[in-house]
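Visitor: Got a predicted structure here, sequence first:
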Amino acid sequence: MSISKKIAYSAEATKGRIKKAFGRATHNRTLEAQGRADQAKGNLKLSAAKIKDAFKR
């Protein structure tokens, strides 16, 4: 996995964490749910890339 992809996937997960926290702080359920979805998507992509790398070796 290239470093740029790892950074991009981590940034996506971090964006989700921030969105989720902001949604909780403002009691906005929609924003919190979107944050959870973004965080899960970023973590899933990062995990898939790590698994792909493991099978390359």
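Guide: Everything's here; your move. Numbers count the residues shown, from 1 in each chain.
Visitor: Would you mind listing the buried residues in the longest helix along the chain?
Guide: Determined from DSSP state H, the single longest helix within the chain is helix 29-56. For helix 29-56, burial by neighbour count (16 or more other C-beta atoms under 10 Å) applies to 31, 32, 35, 38, 39, 42, 43, 45, 46, 49. To be clear about C-beta, it is placed using only N, CA and C from the backbone, and glycine gets the same treatment.
Visitor: Which one of those residues is nearest to residue 18?
Guide: Closest approach to residue 18 among those (C-beta to C-beta): residue 35, at 7.1 Å.
Visitor: need the contact list for the closest one.
Guide: Shown in contact with residue 35 (C-beta atoms under 8 Å, 6 or more residues apart in numbering): 16, 17, 18, 19, 20, 21, 22, 23.
Visitor: Check the fifth one and give its pLDDT.
Guide: Meaning residue 20. At residue 20, the pLDDT value in this model is 96.
Visitor: Could you measure from it over to residue 36?
Guide: Look at residue 20 and residue 36: by C-beta to C-beta, to the nearest Å, they are 5 Å apart.
Visitor: next one: the third one
Guide: Residue 18 is 12 Å from residue 36, where distance means C-beta to C-beta.
Visitor: and the angle from the helix or strand harbouring residue 24 to helix 29-56?
Guide: In the assignment (DSSP states H and E), residue 24 maps to helix 3-25. When axes from the mean of the first three to the mean of the last three C-alpha atoms, to 10 degrees is applied, the directions of helix 3-25 and helix 29-56 differ by 160 degrees.
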